[in-house]
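Undergrad: the sequence and its predicted three-dimensional model are supplied below.
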Amino acid sequence: MVYYFKPFSAFSAFISSIVLSILISASVLAQDIEIQEIGDRMAVISGTGTNILVKQSANGEVMMIDGGLEEYSRQTLDAIGDLLSENWGNEQAMITLLINTHWHPEQTGLNDFLGTSGATIFAHENTRQWLTTPISRPWENSTFEPLPTSSQPGETFYHYGEMGHGGTTVQYGYLRQAHTDGDMYVYFPDENVLHGGGVIANDGWPLMDWWTGGWIGGLATGLEVLLEMVDDDTVIVPANGPLMNKSDLQAMRDMYATIFQRISGGFRAANSIDDTLSDEPTAEFNDQYGDPEAFIRRSHESLIPHYTPDA
Ligand SMILES: [Zn+2]
């Protein structure tokens, strides 16, 4: 069984004439959801915890890259329903593929719903494994419970590959230890659209989730890998924040390479976390990215397993 869109909200009428790249704020929804069309039956939905990429393939089937937070499931599905009924003209469409770019709740909030509806859930193998076990982060008081088996990724990969989805070519690859240790990108060669997953955060400092295998050096390397994949026309979808182009990504890569050099240099000089904070390794970027303290702390901590041999 798969999830069909049929009963749409009356809000659909508000979204009746979207043209390419016009931003729409569907303020009638409880959560402030934004829908941005970026190609032929391809759109980004924002406001549910992450940037969700939705693509309807030539055979009518729908795929999603990340699902948003579970608490916004209804709004997310309504937004997709609006796109399908009002813009893409296919009310009988079904979601048959969900890709989780990593294990975080912002990516996996629709796994329960779509997993039990029969959609294929695809992710890196490390992402699947994190979703099978409770996770308690040492820096905060919260525990993430494992997902039921039917909600876990049923198909996984290790390195990279390509798949077809109803006429759409989908390329994907592993970004190694970066934001977590299960990060992946998804690239649509025909549309020249890249979803960079959690490795690209464009609305502030990212969570440097070393507890599940991320680290600041890997984040810089992951951005380097993505930069080599794009050209001047590539539409780059970050996990959060506005869409990007190649020069945006280049600036981000340069920034994290600089920050990595500073924090790792201090770490190797036996700096404490307080020393690292007072060195202000992100100083010239804080106006754009905000208060860096949590990011610097997690980044410093993330070096321990990489630079301390017996850790
Ligand atoms: Zn994340």
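TA: Arrived safely.
Undergrad: just the closest residue of the stretch 151-300 of the chain to the ion, please.
TA: Proximity to the ion, evaluated over the stretch 151-300 of the chain using Cβ to the ion, is greatest for G198 at 3.8 Å. In this view, the C-beta of every residue, glycine as well, is placed from N, C-alpha and C.
Undergrad: now do the buried residues in stretch 245-252.
TA: K246, D248, L249, M252 (16 or more other Cβ atoms under 10 Å).
Undergrad: just stretch 291-299 next, same as before
TA: With burial defined by 16+ other Cβ under 10 Å, the residues of stretch 291-299 counted as buried are P292, F295, I296, R297, R298, S299.
Undergrad: right, and the pair among those residues with maximum separation?
TA: Comparing all pairs in these by Cβ to Cβ, the longest separation belongs to P292 and R298, at 10.3 Å.
Undergrad: so which residues of the chain form helices?
TA: Using DSSP state H, the helices found in the chain span residues 73-82, 105-108, 111-116, 125-130, 216-229, 246-268, 273-279, 286-289, 293-302, 304-307.
Undergrad: distance to the ion and mean pLDDT added to those, as a markdown table?
TA: Supplementary listing: those in a markdown table, determined by distance: least, Cβ to the ion, whole Å; pLDDT from 0 to 100:
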| stretch | distance to the ion | mean pLDDT |
| --- | --- | --- |
| helix 73-82 | 17 | 96 |
| helix 105-108 | 6 | 98 |
| helix 111-116 | 14 | 97 |
| helix 125-130 | 11 | 98 |
| helix 216-229 | 11 | 98 |
| helix 246-268 | 15 | 97 |
| helix 273-279 | 22 | 96 |
| helix 286-289 | 16 | 98 |
| helix 293-302 | 12 | 97 |
| helix 304-307 | 19 | 93 |
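Undergrad: which of those sits most buried?
TA: For those, the largest average neighbour count (mean count of other Cβ atoms under 10 Å) is found in helix 105-108, namely a mean of 24.
Undergrad: pLDDT wise, what is A270 at?
TA: As summarised for this prediction, A270 has a pLDDT of 89.
Undergrad: contact partners for it?
TA: Residues near A270 by Cβ atoms under 8 Å, 6 or more residues apart in numbering: none.
Undergrad: re earlier: and which of the buried residues of stretch 245-252 is nearest to L97?
TA: L249 (25.6 Å).
Undergrad: my read: the closest one touches G222, true?
TA: No - look at L249 against G222 with Cβ atoms under 8 Å: they stay out of range, at 11.1 Å.
Undergrad: quote the end-to-end distance of stretch 186-206.
TA: Distance between the boundary residues of stretch 186-206 (Cα to Cα, to the nearest Å) amounts to 19 Å.
Undergrad: please tell me how far that stretch is from the chain's geometric centre.
TA: For stretch 186-206, the gap between its own C-alpha mean and the chain's C-alpha mean amounts to 7 Å (Cα atoms, centre = their mean, to the nearest Å).
Undergrad: identify each buried residue in that stretch, please.
TA: Buried residues in stretch 186-206, counting neighbours by 16+ other Cβ under 10 Å, are found at 186-188, 191, 193-202, 205-206.
Undergrad: ok, which stretches of the stretch 51-200 of the chain are strands?
TA: Counting by DSSP state E, counting those that start in this stretch, the stretch 51-200 of the chain forms strands over residues 52-56, 62-65, 94-99, 120-124, 135-136, 143-144, 155-157, 160-165, 168-174, 184-188, 193-195, given from the N-terminal end onward.
Undergrad: could you dump these into a markdown table and include mean pLDDT?
TA: Written out in a markdown table, the entries for the strands of the stretch 51-200 of the chain read as follows (pLDDT from 0 to 100):
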| stretch | mean pLDDT |
| --- | --- |
| strand 52-56 | 98 |
| strand 62-65 | 98 |
| strand 94-99 | 98 |
| strand 120-124 | 98 |
| strand 135-136 | 97 |
| strand 143-144 | 96 |
| strand 155-157 | 98 |
| strand 160-165 | 98 |
| strand 168-174 | 98 |
| strand 184-188 | 98 |
| strand 193-195 | 98 |
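Undergrad: with distance to P242 added, can I get those strands in TSV?
TA: Formatted as TSV, those follow (distance: least, Cβ to Cβ, whole Å):
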stretch	distance to P242
strand 52-56	14
strand 62-65	17
strand 94-99	21
strand 120-124	25
strand 135-136	29
strand 143-144	28
strand 155-157	29
strand 160-165	26
strand 168-174	23
strand 184-188	18
strand 193-195	14
